[in-house]
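Asker: got a predicted structure plus its sequence, pasted below:
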Amino acid sequence: MISYLITDKKYYGNTEQSIAATLFQISKKHKIDYACLRDKNAENYENLAKTFIATCNELHIKPILHTFWHKTAILGAYGVHLPTKDFENIPLAKKENVFVVASAHSLEEVNKALFFGADFITISPIFFTPDKNKPLGLEKLKEITDKIPNKCIALGGILESSQIHMCEKAGAIGYASIRYFLK
């Protein structure tokens, strides 16, 4: 299973020191394949991104930036994670040879993201997540992964390894989480 860590300033802080320290601490407990710097409103995003990318590279984690596809290649990140409203930027990111993860909440959105050229799709929320829409659940995840195999990463409310196993059984090729990795 692909493991995909997503930062949130509430849990990871939004200073260069807190991001780096948290990633180092987490990497001692968890195998992480991809990590996404998700702090769209940070005043110091470019400096955060540079530290995040350097730390990820040191830890052999593929660094992903959130939303800022136009800075991804320039800063040396592996890829970008684009929300649903930014799907039209997927081809622009692909022209820059950037790996693209796209957010989706339905089969229609998954198909649209793939049409534009996304490499992976996060499907969310699978489980209850504070301040998010009603969970899609494992049945909906399976329905999507049956139609779109080898592209879907489960996201949302994943806090326990048992949930990761359930997502894998439902056909997800990976899981993404903010809070799971902090355990």
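Answerer: Nice, thanks for sending it over.

Asker: in stretch 58-69, what's buried?
Answerer: By neighbour count with 16 or more other Cβ atoms under 10 Å, stretch 58-69 contains the buried residues Leu59, Ile61, Lys62, Pro63, Ile64, Leu65, His66, Thr67, Phe68, Trp69. C-betas here are computed from N, CA, C, even on glycine.

Asker: all helices of this structure, in order?
Answerer: Per DSSP state H, the chain carries helices over the ranges 9-12, 16-27, 45-58, 69-75, 90-95, 107-116, 137-147, 161-169.

Asker: dump the buried residues of stretch 58-69 into CSV; add pLDDT and distance to Gly137 as well.
Answerer: Shown next, in CSV, are these (pLDDT from 0 to 100; distance: Cβ to Cβ, whole Å):
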residue, pLDDT, distance to Gly137
Leu59, 98, 33
Ile61, 98, 29
Lys62, 98, 29
Pro63, 98, 31
Ile64, 98, 26
Leu65, 98, 30
His66, 96, 25
Thr67, 94, 27
Phe68, 91, 32
Trp69, 93, 30
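
Asker: which residues touch Pro149?
Answerer: Gly171 (Cβ atoms under 8 Å, 6 or more residues apart in numbering).

Asker: rerun that using 10 Å as the cut-off
Answerer: Gly171, Ile173 (Cβ atoms under 10 Å, 6 or more residues apart in numbering).

Asker: and what of Gly76?
Answerer: Gly76 is in contact with Ala49, Lys50, Ile53, Ala54, Asn57, Pro63, counting by Cβ under 10 Å, 6+ apart.

Asker: all good on my end, thank you.
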